[in-house]
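1. All I have is the shape, not the residue letters:
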């Protein structure tokens with residue numbers, strides 16, 4: 001018996017056919033649910049990552065808003081301070097003074113408190 005006759009006998013035998021069909025059906029029965037579960041898990045992970053990214057962007061945008069409020073507040077404080085210093089020139093005893101002579105430094109304002117820096121992540125939110 002040669003190899004081709006052996007192959008034909010195997011294909012004609014019902015044991016071989018049932019084994020191949022059973023193997024294919026078993027692979028499909030196990031593979032399809034596994035694929036569905038993997039797909040659902042992947043979608044859930046993508047959704048969770050998207051939500052986390054949106055939350056991070058909201059937090060960064062809020063941080064930028066707070067820094068902008070601090071800048072506006074510092075500008076208003078400086079403006080009010082300059083106005084109050086220049087108002088001293090209205091006093092008859094001081095009206096001969098130049099503006100630079102009546103302006104006094106703001107006490108308690110350090111460079112580290114007033115230096116506001118924006119990070120690259122904060123700026124990327126608005127790009």
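-> All right, it came through fine. Nothing here was measured: the structure is a model prediction, and the numbers come from that model.

2. Residue 93 in helix, strand or coil?
-> Look at residue 93: counting by DSSP: H, G, I helix; E, B strand; the rest coil, its state is coil.

3. Count residues in the vicinity of it, would you?
-> 7 (other CB atoms under 10 Å). No exception for glycine: its C-beta is placed from N, CA and C like everyone else's.

4. From residue 36, how far off is it?
-> Counting by CB to CB, to the nearest Å, the gap from residue 93 to residue 36 is 89 Å.

5. residue ranges with poor pLDDT in the chain?
-> 1, 10-16, 109-114 (pLDDT under 70).

6. packing partners for the helix or strand hosting residue 54?
-> Under the criterion of DSSP states H and E, residue 54 resides in helix 14-87. In terms of contacts (3 or more CB pairs under 8 Å, 6 or more residues apart in numbering; DSSP states H and E), helix 14-87 is packed against helix 99-102, helix 120-124.

7. Of all those, which one is nearest residue 8?
-> Ranking the helices and strands packed on helix 14-87 by proximity to residue 8 (CB to CB) places helix 120-124 first, at 67.8 Å.
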